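[1] 3D model of this:
(2 chains)
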Amino acid sequence: MIVDDSTTMLMSLRNSLEIANFTVLSASDGLIALGKLNTGPKPDLIITDINMPNMGGIEFIGKARALPGFRFMPILVLTTESQQSSRDEAKKLGATGWLVKPVGGADLIKVIKQVLPGA
Amino acid sequence: MSMLKSSRWLVGGALLALVLGRFLPEASLSFVDVFLGRPGDAWLLLAVALLGGWLWQQSQSKSRHSLAPQDGPTQRQQPAAAQQRALVETLLSTHLSLEQVIDRKLLEVVADTEGSATSIIQEVRALYDSSHKLVAYLDSSGLRGSTMENDISDCVAFLLDLGKFVHQLPDKMKRDMESVQSVVKEINDLSELVSSVQAIAMQSHLLAINAAIEGSHAGPAGAAFRVVATEMRTLASNSSDVASRINVGLARARNVVANTMADSMSESSEQLQTVSAAGDSILRLQENFEDMRQFYKIRFSVITKYNEDLLQEIAEVLGHIQYQDVVSQCIQRIRVATAQRNAFFENAVQQYGQDDAELAQLPPQLLAILNKFVSEEDKHLHSARHDDDAGSEQKIELF
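    Numbers count the residues shown, from 1 in each chain, chains lettered A, B, ... in the order given. A predicted model of the protein is given here:
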């Protein structure tokens, strides 16, 4: 599942992942993503932005981790921010990794395969 | 302009009323004349009324003109600070209008780049789909080629066996010829035996004749002897006939074999050359096939490699397009800072000239806006650069 308020990011990520044979769910903010996690199919991995309307990525990570069955699911942060303090906050809330935009298709798939062995 | 027109009408009307009252006293307005008591007085009254109206209008106009010069001194008497504030307010208003236009433009730019980015993504995806189809086609062609290659390999193996057989054929033919020659020799040997049989038959015949003669000399006692002699002569004659027939048969067989061998020997030389050439052709065909197989295998590999590179590049292009979002967010942060700065200036203009203590707080407030913007931008230093090695922080970090 990819969570980002930018149409460009959603399209870019969707295509990069579909090219690598992943099935992609998307949400334009944390609130919508939480709704989908509650009602829709359970994804294998979440990639989320930080700065989004309605519910940002940091809050979303915290709430997603609290859901049953999502405690150990890999959650990657993909953002324009690179400051260490933000990384530490995300890590504290349970993020699996931090990626600074933009990320090339090959790098993204490499990271996903690292956190999702066998994908 | 309208006032000038009405003045003319009033004056003109009054003059007309005086003329009518003087020269046409019997004309209309009789009921007014009756009321006033004398003809023409109504016209006089009308002229006076019109002139009165004109005079009143003139006085009103003067009154307005007299007020106008009094405003000049009032403005001039305004304090210099108020004039400066009005000027600053005007400047701020114009500045904010300009900022609104710039802000709209920035939003349009963001929307345009987003539109372009999505179009590029769609085009790139279409390119990927085409490339993917090509890879699938190449894979399918490779599979079909493998099947064809196996079939051809089987055929070539068969042809190679055939070639080996063809190469061995001359030796086999030679061995067959030698066998035939040994048969001819055997026939010749049999012919000699037949000659011996014929000689024996001749001697038996002569012996039977002599026995018959001696039997006649013996008289009645030699009757049995003459019978045996007759039988011996018959046997000799039969043996000679059989030997002759065998000899004829052997001669015929020898002729057939000799003719066949002659024909075979004359043809086999050319046939052996043809067979040998066919064997060489089969070997060359096998070599050419192998070369062709390698040729197409290498080309398939090269095309597949280029296509895989293309797919990888497409994936990278999709990554680079994410810069649109990076730039878009940067513009958004600039818009936020600009809005804060504009709000600050509006507030500053309102406070201008009112409270010196509050005015003193303005510079630190503006500095706070600056520091906040710089701090916010510091968070995004890495993503603002296009080269991956520029940032001090890790671009990808797994916790």
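[2] spatially central, which residue of chain A would that be?
    Per CA atoms, centre = their mean, the C-alpha nearest to the average position across chain A is that of A:I47, at 1.4 Å.
[3] now do the phi/psi pair for that residue.
    For A:I47, the backbone dihedrals are phi -120, psi 120 (criterion: degrees, to the nearest 10).
[4] what's across from it in the sheet?
    Listed by DSSP bridges, the beta-bridge partners for A:I47 are A:I2, A:L76.
[5] now do the contacts for it.
    Under the criterion of CB atoms under 8 Å, 6 or more residues apart in numbering or on different chains, the neighbours of A:I47 are A:M1, A:I2, A:V3, A:L13, A:I75, A:L76, A:V77, A:L78, A:L99. The C-beta positions use only the backbone N, C-alpha and C, and glycine is treated the same way.
[6] count the residues that sit near A:V103.
    Per other CB atoms under 10 Å in any protein chain shown, the neighbour tally for A:V103 reads 24.
[7] can you read off the pLDDT for B:N247?
    The predicted structure scores B:N247 at 85 on the pLDDT scale.
[8] ok, now B:Q77?
    The predicted structure scores B:Q77 at 50 on the pLDDT scale.
[9] around chain A, pick out the residues from the stretch 201-350 of chain B.
    The stretch 201-350 of chain B comes close to chain A at residues B:311-312, B:314-316, B:318-326, B:328-330, as judged by CB under 8 Å from any CB of the partner chain.
[10] nearest residue to B:I152 in space, please, no chain neighbours.
    On the basis of CB to CB, 6 or more residues apart in numbering or on different chains, the spatially nearest residue to B:I152 that is not a chain neighbour turns out to be B:F289, at 6.1 Å.
[11] correct me, but the one you found touches B:E149?
    No - using CB atoms under 8 Å as the test, B:F289 is too far from B:E149 to be in contact (9.1 Å).
[12] off-centre distance for the helix or strand that contains the residue nearest to B:I152?
    Here B:F289 sits within helix B:223-320, counting by DSSP states H and E. A distance of 55 Å separates the C-alpha centroid of helix B:223-320 from that of its chain, computed with CA atoms, centre = their mean, to the nearest Å.
[13] identify the residues contacting stretch B:126-142?
    Under the contact criterion CB under 8 Å, 6+ apart, stretch B:126-142 has outside partners A:N15, A:I19, B:F300, B:I303, B:T304, B:N307, B:E308, B:L310, B:L311, B:I314.
[14] residues near the nearest residue to the fifth one once chain neighbours are set aside, how many?
    Distances taken as CB to CB, 6+ apart place B:L138 nearest to B:T304, at 5.6 Å, with adjacent residues excluded. Residues within reach of B:L138, counting by other CB under 10 Å, total 16.
[15] now B:I246
    Summarising burial for B:I246: neighbours were counted as other CB under 10 Å, giving 16.
[16] close to chain B: what parts of chain A are there?
    With CB under 8 Å from any CB as the criterion, chain A meets chain B at residues A:4, A:6-9, A:11-12, A:15-16, A:19-20, A:51, A:79-84, A:86-87, A:91, A:95-109, A:111, A:114-115.
[17] if we use 6 Å, what do you get?
    Chain A has residues A:6-9, A:11-12, A:15-16, A:19, A:80-83, A:91, A:97-106, A:111 near chain B, with proximity defined as CB under 6 Å from any CB of the partner chain.
[18] in the longest helix along chain A, what counts as buried?
    As far as residue count goes, and with DSSP state H defining each element, the longest helix of chain A is helix A:7-19. When neighbours are counted by 16 or more other CB atoms under 10 Å in any protein chain shown, the buried residues of helix A:7-19 are found to be A:T7, A:T8, A:M9, A:L10, A:M11, A:S12, A:L13, A:R14, A:N15, A:S16, A:L17, A:I19.
[19] so who does the last one touch?
    When contacts are counted by CB atoms under 6 Å, 6 or more residues apart in numbering or on different chains, A:I19 is found next to B:Y128, B:A315.
[20] now for whichever residue of the stretch 151-300 of chain B sits closest to chain A: which residues touch it?
    Among all residues of the stretch 151-300 of chain B, B:F300 sits closest to chain A, at 22.3 Å; criterion: CB to the nearest CB. When contacts are counted by CB under 6 Å, 6+ apart, B:F300 touches B:G142.
[21] what is the neighbour count of the nearest residue to A:R14 once chain neighbours are set aside?
    Distances taken as CB to CB, 6+ apart put A:V24 closest to A:R14, at 4.8 Å, once the chain neighbours are dropped. A:V24: 15 surrounding residues under other CB under 10 Å.
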